[in-house]
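1. Show me how the following folds:
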Amino acid sequence: MSSDVFKVLVLVPFPMSSDQLAKREEQRDEANLPNDVQLHYKTTKAAPSNYVSAMDYVIADIGLLEAGLHAEEDGFDAVCIDTVSDSGVAALRSMLDIPVIAPGRTMFLTALMLGRRFGVLSMWERWFGLYERTLRDLGIEDRCAGIRSIDTQPDSRNLLTGKEEDILPLLHDAAVRLVEDDGADVICLGSTTMHQAHEYLQQRLPVPILNPGPLSYLTAETTLALGLAQSRKAYPSPLVSKTDMISEMLEAAARSEQTTDPT
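-> Sure thing, here's the model as predicted:
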């Protein structure tokens, strides 16, 4: 780990253009990180079209694993995953000695430090399985007051840009229902693709609104400052590393999609 600067690799779960990636990079502004923490964003070579099935989850895990495999040897001090699904986190933790930060888990556990029960605000009902999987894994299903969506298929590359007037009031109404009807005293944004809604919602709701991307960056900073990383006992290394096989798989996947700059 560098003594002068912390380099954090942020893995974006889809291939995308530079303009689309810039919308993801806007998350760094809210984190207000010190100058000695540098974020570097990297996209995957291939990905599922969205995260709505078990097959999608497997493809996402492999894509993000490949994207971060060489982070440590490339001089990075930590890795953050830019998806609340926490895809690829467990696999990367088994391969890297630098900390790998999972925004979904980080957000849910932080919510329990700020309140008694939290609600998850989502764009799309078909994403509920992602949250339920993580809540089961953590054993905190009973601490989730509810999950609500506006049932709108998200745009994982262009985010909310150009749709704010339509989308933000709907998200606000769903968040109000989480607080007033479900009893949530903290709201978790269900995707890093929703980061553009954070300021709007926080100004209009009486409870904390957790924004998973910036929260993960600040968690990486704290983890690095304390000299911590994931437990090798919890995340054992493989007996035989198959990094070459994984790299070849993703090269083939990228060729099969026949694009490096999707729209």
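
2. What residues does residue 126 make contact with?
-> With Cβ atoms under 8 Å, 6 or more residues apart in numbering as the criterion, the residues that contact residue 126 are 50, 52, 153. Where you see a C-beta, it was placed from the backbone N, CA and C, and this is true even at glycine.

3. Looking at those residues, which are in strands?
-> Taking DSSP state E, every one of the contacts of residue 126 sits outside strands.

4. can I get the residues you listed in TSV with distance to residue 214?
-> Compiled in TSV, the contacts of residue 126 are given as follows (distance: Cβ to Cβ, whole Å):
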residue	distance to residue 214
50	23
52	26
153	25
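
5. For those residues, which single residue is the most surrounded?
-> Neighbours here are counted as other Cβ atoms under 10 Å. On that basis the top member of the contacts of residue 126 is residue 52, with 17 neighbours.

6. List the contacts of that residue.
-> 126-127, 129.

7. Keep only those of those residues that are in helices.
-> residue 129 (DSSP state H).

8. right, and out of the contacts of residue 52, which lies closest to residue 62?
-> Minimum distance to residue 62 across these is 18.5 Å, recorded for residue 129 (Cβ to Cβ).

9. The closest one - nearest residue in space that isn't next to it in sequence?
-> residue 52 (7.5 Å; Cβ to Cβ, 6 or more residues apart in numbering).

10. do residue 16 as well
-> Residue nearest to residue 16 in three dimensions, not counting chain neighbours: residue 157, with 4.9 Å by Cβ to Cβ, 6+ apart.

11. Give me the neighbour count for the one you found.
-> 20.

12. just checking, it touches residue 13?
-> No - counting by Cβ atoms under 8 Å, residue 157 stays clear of residue 13, with 10.6 Å between them.

13. residue contacts, residue 108?
-> With contacts defined as Cβ under 8 Å, 6+ apart, the neighbours of residue 108 are 118, 134-135, 138, 140, 144, 188.

14. pretty sure it belongs to a strand, no?
-> No - under the criterion used here (DSSP: H, G, I helix; E, B strand; the rest coil), residue 108 is helix, not part of a strand.

15. Could I get the buried residue list for the strand or helix carrying residue 24?
-> Assessed by DSSP states H and E, residue 24 sits inside helix 18-25. Of the residues in helix 18-25, 20-21, 23-25 count as buried by neighbour count, 16 or more other Cβ atoms under 10 Å.
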